[in-house]
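1. Got a predicted structure plus its sequence, pasted below:
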Amino acid sequence: MTDPRARHQELVQDIEAHRHAYYAEDAPTVSDAEYDSLERELRELEARHPELATPESPTQTVGGAVATGFASVAHRERMMSLDNAFSVEDVEAWLARVEKEAGPQRIVCEPKIDGLSISLTYERGELVRGVTRGDGTTGEDVTANVLTIAGLPHRLAGEHVPGLVEIRGEVFLPVAAFEELNAGLLEEGKAPYANPRNTAAGSLRQKDPSVTATRPLAVTAYALGALDWAGTAPDPRASSQHGIYEVLASWGLPVTEHARVVTGVAEVEAYLADLEARRHAMIHEIDGAVLKVEDRAVQGRLGSTSRAPRWAIAYKFAPEEVHTTLLDIRVDVGRTGRVTPYGVMTPVTVAGSTVTYATLHNAHEVARKGVLIGDTVVLRKAGDVIPEIVGPVVAARTGAERAWTMPGECPSCGTPLAEQKEGDKDLRCPNSERCPAQIVDRIAFIGSRGALDVEVLGEKAAHALVESGVLANEAGLFDLSEEDLRRVPLFTYDVDEKLTRRQVEAGVEGRRAGDVSANGLKLLENLAGARSQPLWRVVVSLSIRHVGPTASRALATAFGSMDAIRAASEQDLAAVDGVGSVIAESVLQWFEVPWHAEIVDRWAAAGVRMEDERDESVVRTLEGLTVVATGSLEGFTRDSVKEAIISRGGKAAASVSKNTDYVVVGANAGSKAAKADQLGVPILDEAGFVRLLEVGPAAQAE
Ligand code: IVH
């Protein structure tokens, strides 16, 4: 085992270096989660070896050593940090400690804003100073910059204004402003900022306040520091925690609207769950919740350690941003030949799932992000969003990293890569006829849910069918026989089945090595079933560029048969609602290629549906109407809602505009319902929708 003293020293050094990078340089070297875990290890080590917990230990101090450049200012009252809870159990343990000492308590729950703390001094109601937290005792004077923050009053409002007050709060950059700022930087070809917190910190610590003024920073106030109170009005410190927020608000300071006073562990946990669910719907980033005892007398009784109050705790959500190593950058060839670089990383857990790969989109993105193979990278997965490599941690470089270059040739077939047209960001492999990677991807795509939905026909099966030479491309897919599958190891048994003596005596014929497996038979059966999928799904399955489910549906509805689509002129095609000139040109060019035409011919010969019979029993009640469905309905899936609208002659649109005739609103609908309301578009519930399908607009009159 390592010597605890040596490990202690190592941890202290690491933590101090990370604190410096985070607070003084606005350029963190580790993720918040890693930092928290170092601090936790140090705290545990000191619990086992109390002699190591000197007053200088980071467990006893508040992070943020003062850097040069700004004048240092002593806080009149110390600025505290918060202890962390990383699980609901930690929260329960904290609440149990509090309630053991002070009995049942009302608890104020509020968001933990991911910004930087600030102390604002008002003298006789006038904002005279803004100071960063620093080490809690002394911070940096950023008054000139603080004065540029739009929502922050320079004068306190109300009649009862103290002679002097320090107000504590969090400075942040709203997410929308951050995104806008980054979009602008990207447009100018500059590197974007990593996240709103660092941008806010960097903005507040600008040497030139006119730069800060261009950043739409905001503040939320949440505590009082020093206070000189004279006069007849009640002293705000005698109020409750929540009452303090009311006093702050009465002075015209921005306070959170998300604070709630609750009682008992169940209500606290319900708040935490609700807050986490709404995490991305807030104007600022939050990294958890802060729980505070409501009763100020109890707060006083519980007191503080040298760095944090005992009457409050920060509950941290699972991190959405982590650091990991970029082991390699590889390229993938997609079904339309697009060649996409992606990062291979040391697997990490982020926002609850394990991530190993993340797309890097194209070579320009790799260059823009500036990542090198071997880099420590910031990986971010916010909410349901696909994991993204944000950028490198430059400070963590060792010199062993190496640059990546986009290959000039297709990694699958060796054909030189090219832009489809000048100025394209993507490179493509033009060999769509023979490139194995493209053929495999196209075949797997045919099996996918959005196309012909053939169970068993996935990436692995497609690969096996092509590799064994049974399929040269997708043209022969519906001609596959049991005989063919015998040549595909994936679909055969590799050993004879062992039979019991009784089975042998009873004449049971066991399966033999080389026989087609149950899975293989299932594939054939599913392919047979897929032949009668509706025409639009067959169109999707052809992997024509730009022709996704929406365009395919539009084409199938407008022309009714593959022959009619094929025979249509570019003009006819472009005239279809939801098609347009780009798609029309793409469709026309696709059918002109002989091997493409052969796919369609062979599928037709194999019995794949090439014509939609109009179901005459379905009355075209929605002819000419545009309907948007949002939220989940009980009797419909996403697909079947569209099907229902289109088969009745209507158009199923994705977004609400003034051309929308009806909006159908199901459970958990998002902003579309509000938009409809705003535009005065009629809103239907599920029952109203069903009626609309039956009788058309007449339903409204009922
Ligand atoms: S109260 C004495 N409330 O989190 C209590 N802090 O990790 C002082 N923070 O230094 C803090 N949102 O910068 C409080 N609603 C909130 C907060 C909050 C964010 C920050 C604050 C603090 C840090 C501790």
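-> Ah, there it is.

2. Counting neighbours, what do you get for G580?
-> For G580, the neighbour count with other CB atoms under 10 Å is 15. To be clear about C-beta, it is placed using only N, CA and C from the backbone, and glycine gets the same treatment.

3. and the gap between it and the ligand?
-> Distance, G580 to the ligand, by CB to the nearest ligand atom, to the nearest Å: 49 Å.

4. how far away is the nearest residue to D83 once chain neighbours are set aside from A191?
-> Nearest non-adjacent residue to D83, counting by CB to CB, 6 or more residues apart in numbering: A308, 4.7 Å away. For A308, the distance to A191 (CB to CB, to the nearest Å) stands at 36 Å.

5. secondary structure element for G231?
-> For G231, there is no helix or strand it lies in under DSSP states H and E.

6. Need phi/psi at it.
-> Note on G231: backbone dihedrals following degrees, to the nearest 10 are phi 110, psi -180.

7. now do E166
-> Per degrees, to the nearest 10, the backbone of E166 is at phi -100, psi 130.

8. re earlier: if you count surrounding residues, which of A308 and A191 has more?
-> Taking other CB under 10 Å, A308 and A191 do not tie; A308 has more neighbours (18 against 12).

9. pLDDT value on the more buried one, please?
-> pLDDT, A308: 95.

10. tell me the contacts of it?
-> By CB atoms under 8 Å, 6 or more residues apart in numbering, the contact set of A308 is M80, S81, L82, D83.

11. of the residues you listed, list those near the ligand.
-> The subset of the contacts of A308 within reach of the ligand, by CB under 6 Å from any ligand atom, is M80, S81, L82.

12. between these, which is closest to G337?
-> If you rank the ones next to the ligand among the contacts of A308 by distance to G337 using CB to CB, L82 comes first, at 52.8 Å.

13. Could you pull up the mean pLDDT of stretch 339-351?
-> Averaging pLDDT along stretch 339-351 gives 94.

14. Could you dump the ones next to the ligand among the contacts of A308 into JSON lines and include neighbour count, secondary structure and pLDDT?
-> Converted to JSON lines, these look like this (neighbours: other CB atoms under 10 Å; DSSP: H, G, I helix; E, B strand; the rest coil; pLDDT from 0 to 100):
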{"residue": "M80", "neighbour count": "20", "secondary structure": "coil", "pLDDT": "94"}
{"residue": "S81", "neighbour count": "18", "secondary structure": "coil", "pLDDT": "94"}
{"residue": "L82", "neighbour count": "19", "secondary structure": "coil", "pLDDT": "96"}
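
15. Kindly report the residues of the chain close to the ligand.
-> Residues of the chain lying near the ligand (CB under 6 Å from any ligand atom): 80-82, 110, 112-113, 117, 170, 222-223, 290, 309, 312, 314.

16. In the sheet, which strands lie alongside whatever helix or strand V663 lives in, parallel or antiparallel?
-> Assigned by DSSP H and E, V663 falls within strand 662-665. Here strand 662-665 has these sheet partners by DSSP bridges: strand 626-630 (parallel), strand 683-684 (parallel).

17. now what about the longest one, what contacts it?
-> Contacts with strand 626-630, where a contact means CB under 8 Å, 6+ apart, come from 636, 641-642, 645, 650-656, 659-666, 669-670, 672-673, 676, 689, 692.

18. Which positions within that strand qualify as buried?
-> Neighbour-count burial for strand 626-630, with 16 or more other CB atoms under 10 Å as criterion, is recorded at T626, V627, V628, A629, T630.

19. Tell me the one of those nearest the ligand?
-> Nearest to the ligand among the buried residues of strand 626-630, counting by CB to the nearest ligand atom, is T630 at 33.5 Å.

20. I'd assumed Y222 was in a helix, is it?
-> No - secondary structure of Y222 (DSSP: H, G, I helix; E, B strand; the rest coil): strand, not part of a helix.

21. Burial check on the closest residue to the ligand within the stretch 351-500 of the chain, number of neighbours?
-> Closest to the ligand within the stretch 351-500 of the chain is A382: 18.3 Å, counting by CB to the nearest ligand atom. By other CB under 10 Å, the residues close to A382 number 17.

22. and what of R512?
-> Neighbours of R512 under the rule other CB under 10 Å: 11.

23. So it: helix, strand or coil?
-> Three-state assignment for R512 (three-state DSSP): coil.

24. Assess the claim that it and Y493 are in contact.
-> Yes - proximity of R512 to Y493 meets the contact threshold set by CB atoms under 8 Å, at 7.0 Å.

25. hey, C-alpha coordinates of stretch 627-643 in CSV?
-> Extracted C-alpha coordinates of stretch 627-643, given in CSV (Å, rounded to 0.1, in the frame of the first residue of the first chain):
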residue,chain,number,x,y,z
VAL,A,627,-51.8,18.5,-40.0
VAL,A,628,-49.0,18.5,-37.4
ALA,A,629,-49.1,15.9,-34.6
THR,A,630,-47.1,16.4,-31.5
GLY,A,631,-46.7,14.5,-28.2
SER,A,632,-47.6,10.8,-27.8
LEU,A,633,-51.1,9.5,-28.7
GLU,A,634,-52.5,6.4,-27.2
GLY,A,635,-53.9,4.7,-30.4
PHE,A,636,-51.2,5.7,-32.8
THR,A,637,-47.4,5.4,-33.2
ARG,A,638,-45.4,8.2,-34.8
ASP,A,639,-45.5,6.3,-38.1
SER,A,640,-49.2,5.4,-38.0
VAL,A,641,-50.2,9.0,-37.4
LYS,A,642,-48.5,10.0,-40.6
GLU,A,643,-49.9,7.0,-42.4
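
26. Tell me where the stretch 251-400 of the chain has helices.
-> In the stretch 251-400 of the chain, the segments counted as helices under DSSP state H, counting those that start in this stretch are 264-277, 296-302, 363-369.

27. between those, which one is nearest to A33?
-> Of all those, helix 264-277 sits nearest to A33, with 15.7 Å by CB to CB.

28. what about the closest residue in space to R129 that isn't next to it in sequence, which helix or strand?
-> Residue nearest to R129 in three dimensions, not counting chain neighbours: T121, with 4.1 Å by CB to CB, 6+ apart. Secondary structure assignment for T121, by DSSP H and E: strand 116-123.

29. quick revisit: quick one: mean pLDDT over the strand holding V663.
-> For strand 662-665, mean pLDDT is 94.

30. Helix or strand next in line after it, which one?
-> Next element after strand 662-665 (DSSP H and E): helix 671-679.

31. For that next one, which helices and strands make contact with it?
-> If you count contacts as 3 or more CB pairs under 8 Å, 6 or more residues apart in numbering; DSSP states H and E, helix 671-679 packs onto strand 626-630, strand 662-665, strand 683-684.

32. Alright, I will stop here.
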